[in-house]
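Colleague: Below is the sequence, then the predicted model.
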Amino acid sequence: MKFTYLKLVALVAIITLTSCNCSSKKEFKKPNGLITNKQADKLEEAYKANQHKAINNFLSQNGINVIDNREVWFSLEELENYIEYVKQESKKQNLEDLGIRVYFGAKMNEKKEMKSTIFFYPTHNSATRAAAENFNSYGIQGLNYGSSGDPVDEFRP
């Protein structure tokens with residue numbers, strides 16, 4: 001009886017260990033377009049000196065006493081979930097060559113101030129036209145509701 005029980009336990013252990021597809025984790029290659037901290041700082045400083053300054057000057061000249069956002073934060077989990085959502089919904093709609101477009105927008109914050117934000121919208125490639133183009137996938141929802149620092153943290157590498 002004990003011998004049969006030990007065989008059963010061993011068999012279950014072997015099946016469990018061999019069925020574990022531990023090597024199935026997707027390996028990622030280093031993405032194109034990575035930038036250094038120094039490059040990121042240079043981009044942010046240029047934005048502050050140009051776009052951010054122009055936005056804030058326009059707001060103050062029109063009697064709106066608010067400093068606009070310079071950054072929007074999303075959790076990594078939220079972004080990963082969104083990417084998986086886009087993949088699943090795109091598959092249902094037979095969409096290929098997927099991407100995500102980032103739009104600038106504005107929305108009211110909890111203090112009833114209109115501030116800049118960004119939102120993501122899925123795209124797909126259309127090979128049915130003469131030139132392949134990326135089109136918004138309007139049958140799939142976009143992503144917003146990131147958060148912004150108030151006040152914003154300076155980007156300092």
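Modeller: Perfect, I can see it now. Treat the numbers as computed from the prediction; the structure is a model and nothing was measured.
Colleague: From now on I want contacts and neighbour counts done on CA atoms only, so please keep to that.
Modeller: Noted.
Colleague: And the strands in the protein?
Modeller: 99-108, 114-126, 133-136 (DSSP state E).
Colleague: So which elements touch the longest one?
Modeller: The contact analysis (3 or more C-alpha pairs under 8 Å, 6 or more residues apart in numbering; DSSP states H and E) places strand 114-126 against strand 99-108, strand 133-136.
Colleague: and for the last one, what are the contacting residues?
Modeller: The contact list for strand 133-136 (C-alpha atoms under 8 Å, 6 or more residues apart in numbering) reads 99, 101, 121-127.
Colleague: Which of those lies at the shortest distance from residue 70?
Modeller: Minimum distance to residue 70 across these is 18.6 Å, recorded for residue 101 (C-alpha to C-alpha).
Colleague: What distance do you get for the closest one to residue 137?
Modeller: Per C-alpha to C-alpha, to the nearest Å, residue 101 is found 10 Å from residue 137.
Colleague: Give the intersection of the neighbour lists for the two.
Modeller: With C-alpha under 8 Å, 6+ apart as the test, residue 101 and residue 137 both reach 121-123.
Colleague: Next, format these as a markdown table and append neighbour count and distance to residue 148.
Modeller: Listed next are those as a markdown table, based on neighbours: other C-alpha atoms under 10 Å; distance: C-alpha to C-alpha, whole Å:
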| residue | neighbour count | distance to residue 148 |
| --- | --- | --- |
| 121 | 19 | 19 |
| 122 | 25 | 22 |
| 123 | 22 | 25 |
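Colleague: Thanks a lot, see you next time.
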